[in-house]
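# pasted the sequence and its predicted model underneath.
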Amino acid sequence: MHKATRSFGLVVPAVAMLAVAALASAGTGCGSSDSPLLISTSSSSSGTGGGGGAGGSENQGRELFEALLPDLAKECGACHATGGDTPFLGDPTTGKPDPYTTITSWQGFVVKEPKKSDLLVHSVSKEHKGTKPSDPLYAKLLEWLTEEAAYVADVSQEDQPTIPPFKPIIGGFNAVYLGALGPGFDGMAVTFVAEELTPTSLSLTDIEVHPTSKLGLKLVHPLFTVFEKGSIDGDPDPVDSFSNVTLELQPGTAGVLGPGTVVLANWKTESRISLAFEGATVIDPNGMVDPNASPCKAVESFTANAAPALNVCLQCHGGADPQAQGAVDMSELTSAPDKTCGQVLNRVNPAAPAKSQIFVTTNPGNQAAHPFKFAGNVAQYNTFKDAVTKWIQEEAK
Ligand code: HEC
Ligand code: HEC
């Protein structure tokens with residue numbers, strides 16, 4: 001379906017498409033349209049889409065979510081509202097941040113197969129440190145996620161390796177995990193800051209790629225595609241900004257994707273974006289990379305200042321949580337601090353320490369989708385930040 005719109009000649013203003021869909025559903029003149037191109041694009045999507053935009057129907061996701069929000073807030077709000085460790089509920093009392101926006105932007109929650117949503121899978125798993133949803137709440141969550149799923153494009157059959165459409169966190173830090181590309185990609189991520197410049201343009205800045213400490217990564221020609229709210233028809237970046245980009249990264253390193261920034265001029269508020277690659281390959285170094293090489297200059301300061309402060313991260317990044325260790329491997333924090341220093345350095349901005357990912361993602365006041373924020377304790381967070389910053393300043397010298 002969104003393959004049809006990949007070829008740039010077929011890109012259709014979505015407003016026009018909605019209008020056509022409405023016309024079609026009202027049973028009026030397909031033949032009376034003076035643009036046959038619109039008809040063919042629209043019918044190929046709504047005919048087979050199994051819901052998304054079909055027959056001019058509209059996503060009732062927000063309505064369903066708002067109806068179940070009181071129950072969700074009651075059962076889960078004590079730990080999952082803003083100020084907690086995993087604030088995917090936003091602030092159900094004040095609406096700032098908006099619960100619907102926050103929960104639908106949370107990585108892995110709104111997906112094509114609702115039963116595989118992390119919201120359902122994790123909350124009932126034995127790994128979950130909180131309470132399970134009650135049966136009535138579970139049923140409502142499933143109904144809501146099923147409605148949302150009808151409006152998420154299925155990219156599983158795409159020719160190119162593709163990260164399914166997700167809603168970026170606007171005005172904040174995003175970490176998009178590449179696990180959907182295959183098992184070897186677990187823990188690898190593309191990270192960026194998303195900012196809405198106008199209601200029709202989205203800028204992504206500081207776009208970085210993070211392989212894991214064990215495996216490297218080669219990416220060729222990334223392409224962002226915008227899916228307007230309620231539509232499964234994708235509209236690829238009209239400028240194809242990264243057409244010349246090839247990025248190859250050794251294990252344990254990080255790199256900037258192309259120029260590190262892009263403006264999507266085909267953005268519409270509340271859209272989702274997918275990310276496809278002409279090529280995406282995991283590189284297994286087979287021992288060819290020197291495991292003792294550390295890019296850190298200030299290992300002594302790391303050991304003295306940062307390592308004790310990072311202890312609290314070990315409960316997940318030390319190895320108990322493979323996703324966390326894949327993302328930032330701190331398993332050798334005490335046994336080989338120089339190696340862990342190298343891993344943490346990948347998530348640090350020496351030129352502007354406060355903007356470092358290790359701070360942004362663990363800051364209790366930040367909406368980044370990370371499962372630990374010092375349980376909302378700002379003083380503890382500041383102590384952590386001050387200690388680690390001493391090391392970062394040494395690295396920057
Ligand atoms: C007593 C506190 C508490 C309650 C109540 C609670 N949780 Fe949690 N939840 C946690 C903690 C702590 C974590 C992070 C550690 C973990 O993975 O369990 C978490 C993590 C999660 C995650 C994983 C988020 C991510 O991206 O990693 C989901 C999903 C989740 N909870 C859903 C729920 C749902 C749904 C409810 C209500 C039925 C709920 N939780 C109630 C404490 C709680
Ligand atoms: C409760 C478990 C847990 C704790 C504690 C934890 N993390 Fe994480 N962290 C994760 C997981 C899981 C991921 C991978 C995220 C994902 O898969 O969505 C992650 C990813 C990250 C990332 C990559 C960017 C991102 O947001 O995905 C950074 C940086 C990070 N953590 C820093 C830290 C720091 C610094 C600490 C300690 C102050 C810490 N984490 C404590 C679970 C944790």
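Arrived safely, thanks for sending. Numbering: from 1, shown residues only. Ligands and ions are numbered 1, 2, ... in the order given.

# I'd say residue 250 and residue 283 touch.
Yes. Here residue 250 reaches residue 283: they are 7.5 Å apart, a contact under Cβ atoms under 8 Å. C-betas here are computed from N, CA, C, even on glycine.

# overlap in contacts of the two?
Shared contacts of residue 250 and residue 283, defined by Cβ atoms under 8 Å, 6 or more residues apart in numbering, are found at 211, 216.

# what count of nearby residues applies to the residue of the stretch 1-150 of the chain found nearest ligand 2?
Per Cβ to the nearest ligand atom, residue 107 is where the stretch 1-150 of the chain lies closest to ligand 2, at 5.0 Å. As a burial measure, residue 107 scores 19 neighbours (other Cβ atoms under 10 Å).

# what does the pLDDT read for it?
For residue 107, the pLDDT comes out at 91.

# quick one: residues contacting it.
By Cβ under 8 Å, 6+ apart, residue 107 lies in contact with 118, 166, 175-177, 369.

# which residues of the protein lie near ligand 2?
Selection of the chain residues close to ligand 2 by Cβ under 6 Å from any ligand atom yields 107, 175, 177, 312-313, 315-317, 321, 323-324, 327-328, 347, 357-358, 361-362, 368, 370-372, 384.

# in contact with the residue nearest to residue 285 when sequence neighbours are not counted, which residues?
In this structure, residue 285 finds its nearest non-sequential neighbour in residue 251, 5.5 Å apart by Cβ to Cβ, 6 or more residues apart in numbering. With contacts defined as Cβ under 8 Å, 6+ apart, residue 251 is in contact with 211-216, 283, 285, 289.

# can you verify residue 251 is assigned to a strand?
No. Under DSSP: H, G, I helix; E, B strand; the rest coil, residue 251 sits outside any strand and is assigned coil.

# from residue 191, how far out is it?
17 Å (Cβ to Cβ, to the nearest Å).

# cool, residue 227 as well?
Distance, residue 227 to residue 191, by Cβ to Cβ: 21 Å.

# those two: who's more crowded?
Neighbours of residue 227 and residue 191, each counted by other Cβ under 10 Å, are more numerous for residue 227; the result is 26 against 23.

# show me where the stretch 251-397 of the chain has strands.
Per DSSP state E, counting those that start in this stretch, the stretch 251-397 of the chain carries strands over the ranges 255-256, 262-264, 272-283.

# now the residue of the stretch 1-150 of the chain at minimum distance from ligand 1. Nearest residue, chain neighbours left out?
Closest residue of the stretch 1-150 of the chain to ligand 1, Cβ to the nearest ligand atom: residue 130 (1.9 Å). In space, and not counting its chain neighbours, residue 130 is closest to residue 79: 5.3 Å by Cβ to Cβ, 6+ apart.

# helix, strand or coil for that neighbour?
Applying three-state DSSP to residue 79 yields a three-state assignment of helix.

# ok, it - contacts?
85-86, 130.

# most neighbours of all the contacts of residue 107, which one?
Result: residue 166 is most packed of the contacts of residue 107 (other Cβ under 10 Å), 24 neighbours.

# wait, doesn't it sit right on residue 226?
No. Judged on Cβ under 8 Å, residue 166 makes no contact with residue 226 at a distance of 11.7 Å.

# need the residues touching each of those two.
With Cβ under 8 Å, 6+ apart, residue 166 and residue 226 have common neighbours 272-273.

# end to end, how far does stretch 167-176 reach?
10 Å (Cα to Cα, to the nearest Å).

# and the contacts of it?
By Cβ under 8 Å, 6+ apart, stretch 167-176 touches 101, 104-105, 107, 110, 163, 166, 189-196, 202, 204, 270-273, 275, 327, 357, 360-361, 366-370.

# same check, this time on stretch 302-310
296, 330, 333-334, 337-338, 340-341, 344, 383-384, 387-388, 390-392.

# again with stretch 325-341
Residues outside stretch 325-341 that contact it (Cβ under 8 Å, 6+ apart) are 175, 177, 186-189, 210, 212-214, 252, 291-292, 294, 296, 299, 302-303, 306-307, 310-311, 313-314, 316-319, 343-344, 346-347, 358.

# how does it look with 6 Å?
If you take Cβ atoms under 6 Å, 6 or more residues apart in numbering as the criterion, stretch 325-341 is touched by 186-187, 212-213, 294, 296, 299, 302-303, 307, 313-314, 317-319, 343, 347.

# repeat for stretch 275-282
Contacts of stretch 275-282 (Cβ under 6 Å, 6+ apart): 160-163, 181, 184, 215, 218-224.

# mind doing that once more with 7 Å?
Stretch 275-282 is contacted from outside by 158, 160-163, 176, 181, 184-185, 190, 215, 217-225, using Cβ atoms under 7 Å, 6 or more residues apart in numbering.

# can you check stretch 379-390 too?
Outside stretch 379-390, the residues that reach it (Cβ under 7 Å, 6+ apart) are 301, 305-306, 309, 353, 358-359, 362-364, 374.

# who's residue 248 bridged to?
In this entry, residue 248 is beta-bridged to residue 218, by DSSP bridges.
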